[in-house]
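*Asks:* okay, here's the prediction I keep looking at, along with the sequence it came from:
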Amino acid sequence: MGQFDFSVVTTGEFRTWLVSGFLLSLQLLAASWLLAVPMATVVALCRLSSVGVLRGFGAVFVEGIRNVPLLVHMMFWYFAMPELLPEPARNWLYDHDAEVVCAVIALALYSGSYMAEDIRSGIRSVSATQIEAARALGFGFLAAMRRVVLPQAFRIVVPPLISQTLNLWKNTSIATVIGTAELMYQTQKVETNSFRGVESFGVATLAYLTVSLVITAVAVGFQRRFPVRAI
Amino acid sequence: MSESLATYGLYFLIGQYPNGPLGGLALTILLGASALVLAMPVGILLALARISDWRVVRWPVTGMIYIVRGTPLLMVVFWAYFFLPAVTGKKTGQFTTMLIALAIFNGAYLAEVVRAGIQGVPRGQTEAARSLGLNYGQTLRRIVVPQALRNMLPSLVNQFVTTLKETSLGYIIGLQEVAFIASQVNSQVIVHPVAIYTALALTFFVLCFGLARLAGWLGVRT
């Protein structure tokens, strides 16, 4: 297989491409995460609501998004959605890195639908007698939620949310199909220009793994600090 | 719209077959099903290695599972794309490349599902079986695995749905599965991107939601 020379892809122009891709990948992760978490909370509360319409909306949102591959989401939000926009909005989109905006929309919706289910099952796993007992002791609904239910739910919800964050990080790579210049896109570009397949994909794999391991370490740390207590 | 449906409907379903290679929805389903069949034994073997008493087996396999789970599937696909020809010495087709990438990637995920399932069976079950005179293999096969399988079913169904969705990544290496065909149709028709990509999304929705519902109907709670 010949000699590997990693310095080719870790210096000069190729290095600049890979670093800019890595930074954009991290930005995609941050932006989608910040959109996904509040969205997931709202959808989870909808699904737990006693109002039928809200429950229906939550179910359609989650099932409708989860059962379509992320790649298809990317294609839909990038190639089809702008056609539905009015002219000025479409022009605005094309002037503002449409491939980044559309990737963030797709990633946020996709992760949000998974996180919504994690949040919902976390809240549900706190047994109903806990809130009943709190109410019987004279706590109001909000006080019971804040002091009794949420602290217990927090320990249960956070670990799956961290693992969804890890999935979100890996999923940012799929944005390459719509030409978002993130790490996977830049890696392919470096590979095409340097003919150094093993080196470019090796460096990129290492970059993905490093961030994944950091996220995993956060998860382990959290579970040490806040273990789920058996009730 | 109706004329494009007549022209491209069949192309969407089976690709160029029978005048060319099989493609479209049929290829997606074929790839998904083969990947499941291949990933299951990979997952079970990795899980058994992961809970083995021998460190020489347990440590490298644990390391490998962590590495695969921390890497995007797309990266695994590219590695398979570059490395399989280097290892086997001949060009590997896109279908085989994708199949092997999916089997390895999903094998690593299934390994954790199977491990959790096996470790979820109370220790007393194994001890009782061993003291009744069953050997390790018999204990695993007749006592532990049947109980573990029940615990694992919901996660298995989820993993199957995920695999089906992941076949769409074949698009990137030019495999003519349904997402690839849809974007080909889009570049020929040009004026109906919304209809074409909505149809593509609906196709996957019916497949994946249908699979989950089928499992629910068979008594698996996901």
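*Replies:* Happy to help now that I have it. Remember, it's a predicted structure, so these values are computed and weren't measured experimentally.

*Asks:* please, which helix or strand holds the closest residue to residue A:223 other than its chain neighbours?
*Replies:* Nearest non-adjacent residue to residue A:223, counting by Cβ to Cβ, 6 or more residues apart in numbering or on different chains: residue A:159, 6.0 Å away. (Glycine included, C-beta is placed from N, CA and C.) Using DSSP states H and E, residue A:159 sits in helix A:150-171.

*Asks:* what residues does the residue nearest to residue A:223 make contact with?
*Replies:* Residues in contact with residue A:159 (Cβ atoms under 8 Å, 6 or more residues apart in numbering or on different chains) are A:219, A:222, A:223.

*Asks:* who's in contact with residue 123?
*Replies:* Answering for chain A, as no chain was given. Residue A:123 touches A:44, A:48, A:149, A:153, A:157, counting by Cβ under 8 Å, 6+ apart.

*Asks:* give me the residue from chain A nearest chain B.
*Replies:* For chain A, the residue closest to chain B is residue A:212, as judged by Cβ to the nearest Cβ, at 3.3 Å.

*Asks:* does chain B sit close to the helix or strand that comes right after the helix holding residue A:159?
*Replies:* As assigned by DSSP H and E, the chain's next helix or strand after helix A:150-171 is helix A:183-194. Yes. Counting by Cβ under 8 Å from any Cβ of the partner chain, contacts between helix A:183-194 and chain B involve residue A:184.

*Asks:* need the contact partners of helix A:183-194.
*Replies:* Helix A:183-194 has contacts (Cβ under 8 Å, 6+ apart) with A:8-9, A:14, A:17-18, A:20-22, A:24-25, A:172-176, A:179, A:196-197, A:200-201, A:203-204, A:207-208, B:72, B:74-75.

*Asks:* check which residues of the next helix-or-strand element following it are buried.
*Replies:* Remark: after helix A:183-194, the chain's next helix or strand is helix A:197-225, criterion DSSP H and E. For helix A:197-225, a neighbour-count test (16 or more other Cβ atoms under 10 Å in any protein chain shown) marks A:197-205, A:207-209, A:211-212, A:215-216, A:219 as buried.

*Asks:* just checking, what packs against helix A:197-225?
*Replies:* With contacts taken as 3 or more Cβ pairs under 8 Å, 6 or more residues apart in numbering or on different chains; DSSP states H and E, helix A:197-225 sits against helix A:12-48, helix A:150-171, helix A:183-194, helix B:55-69, helix B:73-88.

*Asks:* what's whichever residue of chain B sits closest to chain A sitting at in phi/psi?
*Replies:* Scanning chain B for the residue nearest chain A gives residue B:70, at 3.3 Å (criterion: Cβ to the nearest Cβ). Backbone torsions of residue B:70, given as degrees, to the nearest 10, read phi -90, psi 0.

*Asks:* pull out the buried members of the contacts of residue A:123.
*Replies:* A:44, A:149, A:153, A:157.

*Asks:* next, the buried residues of the lowest-mean-pLDDT helix or strand in chain A.
*Replies:* One helix or strand of chain A scores below all others by mean pLDDT, DSSP states H and E: helix A:141-144, with a mean of 82. Under the neighbour-count criterion of 16+ other Cβ under 10 Å, helix A:141-144 has residue A:144 buried.

*Asks:* what is it packed up against?
*Replies:* Using 3+ Cβ pairs under 8 Å, 6+ apart, helix A:141-144 sits against helix A:128-136.

*Asks:* what comes into contact with the helix it packs on?
*Replies:* For helix A:128-136, contacts defined as Cβ under 8 Å, 6+ apart pick out A:141, A:143, A:144, A:145, A:147, A:148, A:149, A:152, A:231.

*Asks:* can you pull out the low-pLDDT segments for chain A?
*Replies:* A:1-2, A:230-231 (pLDDT under 70).

*Asks:* can you tell me the closest non-neighbouring residue to the residue minimising distance to the centre of it?
*Replies:* In chain A, the centroid-proximal residue (Cα atoms, centre = their mean) is residue A:168; its distance is 3.4 Å. Here the nearest residue to residue A:168 in space, its sequence neighbours aside, is residue A:111; by Cβ to Cβ, 6+ apart that works out to 4.5 Å.
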